[in-house]
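Engineer: model the following, please.
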Amino acid sequence: MLTIHTDSRDRALAVKGAWIADAGPLAELVAAHPGARVRTWPGILTPGLINLHGNELLEEAYHPDPREAGELGVEPLTGEALAALAMDDVRWSASVRRCVQRMLAHGTVRAACEDLRNRAVREALHRSALAGMGRIGRPGGTPALDPYAAGIPVEFARPRERHSAARFAVFDVRDEVELAERGAGTCVATVADGRLVYRRR
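Structural biologist: Just a heads-up that it's a prediction; the model follows:
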């Protein structure tokens, strides 16, 4: 079934399976695809964000389980705090799943990584809804789940157009200026491979 996603500016993407079937103004897409389901989101449709700190967040940090909050807190653990933990493949895989879900909740559709050395991390990322991409060297700034909090220029994925992969994010803001001011915590929905992988409740 074809679904048209549209935003408050009447920009729209028609999604069929894992691909963008069409892109353009809402009225044009509705006319071109009669009978398609229309899903209207508050805010703006974007191609989604790239988190440039993939290695740092995925294999150089541990993301505690909510059940560990009393002992470990809720923020990612790095450095000496990470070294003090007894980490095994199961724990790394679970950490990656939580990290990925938190990235998706910030409208991130890709994580930039050098080669991931940890096999459990690499395999967990491969199984997830988050796409990886290469990078050379460390990007600077401060690793953060919200790319706008990293202290470096924010990068978006390539614009979505017909026949491109159905990966995008919606932020509940008026425009890109407000998005930069308020950050990626304004994300209301993230779509990966045509599936709604995050929706703010």
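Engineer: for whatever helix or strand residue 55 lives in, packing partners?
Structural biologist: Following DSSP states H and E, the helix or strand that holds residue 55 is helix 54-58. Contacts defined by 3 or more C-beta pairs under 8 Å, 6 or more residues apart in numbering; DSSP states H and E place helix 54-58 against helix 89-104, strand 108-113. All C-beta atoms are positioned from the backbone trio N, CA, C, and that covers glycine.
Engineer: now it: average pLDDT?
Structural biologist: For helix 54-58, mean pLDDT rounds to 98.
Engineer: next one: it to chain centre, how far?
Structural biologist: Centroid separation between helix 54-58 and its chain, computed with C-alpha atoms, centre = their mean, to the nearest Å, is 13 Å.
Engineer: check stretch 89-101 too.
Structural biologist: Computed by C-alpha atoms, centre = their mean, the chain-centroid distance of stretch 89-101 equals 15 Å.
Engineer: output the helices and strands packed on helix 54-58 in TSV, with distance to residue 146, mean neighbour count and mean pLDDT appended to each entry.
Structural biologist: Converted to TSV, the helices and strands packed on helix 54-58 look like this (distance: least, C-beta to C-beta, whole Å; neighbours: other C-beta atoms under 10 Å; pLDDT from 0 to 100):
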stretch	distance to residue 146	mean neighbour count	mean pLDDT
helix 89-104	9	19	98
strand 108-113	9	24	98
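Engineer: would you format the ones you listed as JSON lines with distance to residue 128 included?
Structural biologist: As requested, the helices and strands packed on helix 54-58 are exported to JSON lines (distance: least, C-beta to C-beta, whole Å):
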{"stretch": "helix 89-104", "distance to residue 128": "4"}
{"stretch": "strand 108-113", "distance to residue 128": "9"}
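Engineer: those: which one's closest to residue 193?
Structural biologist: Across the helices and strands packed on helix 54-58, residue 193 has its closest neighbour in strand 108-113 (10.0 Å, C-beta to C-beta).
Engineer: hmm, who's touching the helix holding residue 55?
Structural biologist: 51, 76, 78, 96, 99, 103, 111-114, 116, 121, 125, 132, 135, 138, 143, 145 (C-beta atoms under 8 Å, 6 or more residues apart in numbering).
Engineer: for the next helix-or-strand element following that helix, buried residues please.
Structural biologist: Later in the chain than helix 54-58, the nearest helix or strand by DSSP H and E is helix 69-72. By neighbour count with 16 or more other C-beta atoms under 10 Å, helix 69-72 contains the buried residues residue 72.
Engineer: next secondary structure element downstream of helix 69-72?
Structural biologist: Beyond helix 69-72 toward the C-terminal end (DSSP H and E), the next one is helix 79-83.
Engineer: can you map out the strands along this structure?
Structural biologist: For the chain, applying DSSP state E gives strands covering 3-6, 11-16, 19-25, 37-40, 44-46, 49-51, 108-113, 131-134, 155-156, 168-171, 187-192, 195-199.
Engineer: what's the shortest one packed up against?
Structural biologist: Yep, that's strand 155-156 we're talking about. Other helices and strands packing on strand 155-156, by 3+ C-beta pairs under 8 Å, 6+ apart, are strand 49-51.
Engineer: ok, now the second one?
Structural biologist: Contact analysis of strand 11-16 by 3+ C-beta pairs under 8 Å, 6+ apart lists strand 3-6, strand 19-25, helix 26-32, strand 44-46 as its packing neighbours.
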